[in-house]
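Chemist: Need a 3D model of the sequence below.
(2 chains)
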Amino acid sequence: QQPVQSPQAVILREGEDAVINCSSSKALYSVHWYRQKHGEAPVFLMILLKGGEQKGHEKISASFNEKKQQSSLYLTASQLSYSGTYFCGTEKDGSSASKIIFGSGTRLSIRP
Amino acid sequence: ETGVTQSPTHLIKTRGQQVTLRCSSQSGHNTVSWYQQALGQGPQFIFQYYREEENGRGNFPPRFSGLQFPNYSSELNVNALELDDSALYLCASTVKTGQGYTFGSGTRLTVV
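Modeler: I've put the predicted structure just below:
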């Protein structure tokens, strides 16, 4: 089942913060976050495994609430390079047959 | 690391024809997944291969088929092309579950 992302689109000024949410109706093993720029391939940002951990990557971090099957991606002090569409992808188990199901994406636009 | 490469980058086919898309993954990436991405949408899971065996399939008809080879390359075959098959086709690979996926740049298929 496809995870639900919100909001669908965000417009920020450079330096502002943003939060992108991802929720699932099913128990999850992991949540992936990817960024895709126009005309390019999705690029892996980070993965969060069940256990409620929070991870960080430069000024981009994420949390995973296993009980609520929700993950949030935090972008602080946004830069122009952060523009793109962000996708969360969820896995329901850790087997070799596990597959990633992606949400419909959140389009982030950063203005100078 | 050589990344994930896909060929061709663009393709135009006529309705009813057959097409083969190719993907070359990084050495050691035993899992490869194929996705269909329509404009403005998230990647939709087609199927997944693990060590040359299909081990997961999304909601796509049997005319979508694939193969994975021992040299970490794979292919997606689509028979009896329909206009709605026009999309960006992405392959993504990983070493194992619980790790991020590396995406190729995709093949843009247009069916006329």
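Chemist: is residue 11 in a bridge, and if so with what?
Modeler: Defaulting to chain A. residue A:109 (DSSP bridges).
Chemist: Switch to chain B, please.
Modeler: Here residue B:11, judged by DSSP bridges, has bridge partners residue B:109.
Chemist: What separation is there between it and chain A?
Modeler: Relative to chain A, residue B:11 is positioned 16 Å away (Cβ to the nearest Cβ, to the nearest Å). Bear in mind the C-beta positions are built from the backbone N, C-alpha and C, glycine included.
Chemist: Would you mind naming what in chain A lies close to chain B?
Modeler: Residues of chain A found near chain B (Cβ under 8 Å from any Cβ of the partner chain) are A:2, A:29-30, A:32, A:34, A:40-44, A:46-47, A:49, A:87, A:91, A:94-105.
Chemist: hmm, try it at 7 Å
Modeler: Within chain A, the residues that sit near chain B (Cβ under 7 Å from any Cβ of the partner chain) are A:30, A:32, A:40-42, A:44, A:47, A:49, A:87, A:91, A:94-105.
Chemist: From those, which land in strands?
Modeler: A:30, A:32, A:44, A:47, A:49, A:87, A:91, A:101-102 (DSSP state E).
Chemist: now those residues as a markdown table including neighbour count?
Modeler: Supplementary listing: these in a markdown table, determined by neighbours: other Cβ atoms under 10 Å in any protein chain shown:
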| residue | neighbour count |
| --- | --- |
| A:30 | 23 |
| A:32 | 25 |
| A:44 | 19 |
| A:47 | 21 |
| A:49 | 17 |
| A:87 | 25 |
| A:91 | 20 |
| A:101 | 20 |
| A:102 | 23 |
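Chemist: you'd agree residue A:42 is up against residue B:105?
Modeler: No - Residue A:42 lies out of contact with residue B:105 (Cβ atoms under 7 Å); the separation is 10.1 Å.
Chemist: Give me the more crowded residue out of those two.
Modeler: residue A:42 (29 against 17; other Cβ atoms under 10 Å in any protein chain shown).
Chemist: Can you give me every residue that contacts the nearest residue to residue A:80 once chain neighbours are set aside?
Modeler: Of all residues not flanking residue A:80 in the chain, residue A:110 sits nearest, at 5.2 Å (Cβ to Cβ, 6 or more residues apart in numbering or on different chains). Contact analysis of residue A:110 by Cβ atoms under 7 Å, 6 or more residues apart in numbering or on different chains lists A:12, A:14, A:78-80, A:82-83.
Chemist: any idea whether residue B:42 is helix, strand or coil?
Modeler: Assigned with DSSP: H, G, I helix; E, B strand; the rest coil, residue B:42 falls in the coil class.
Chemist: quick one: residue B:104 from residue B:14, how far?
Modeler: 25 Å (Cβ to Cβ, to the nearest Å).
Chemist: for residue A:82, that is, sorry about that
Modeler: For residue A:82 relative to residue B:14 (Cβ to Cβ), the value is 41 Å.
Chemist: okay, these two: which has more neighbours?
Modeler: residue A:82 (20 against 8).
Chemist: residues near residue A:21, how many?
Modeler: What residue A:21 shows, counting by other Cβ under 10 Å, is a neighbour count of 16.
Chemist: Tell me what it is bridged to.
Modeler: Bridge pairing for residue A:21 - DSSP bridges - gives residue A:6, residue A:72.
Chemist: I'd say it and residue A:74 touch.
Modeler: No - taking contacts as Cβ under 7 Å, residue A:21 lies outside contact range of residue A:74: 10.3 Å.
Chemist: Flag every buried residue along stretch A:98-106.
Modeler: A:98-106 (16 or more other Cβ atoms under 10 Å in any protein chain shown).
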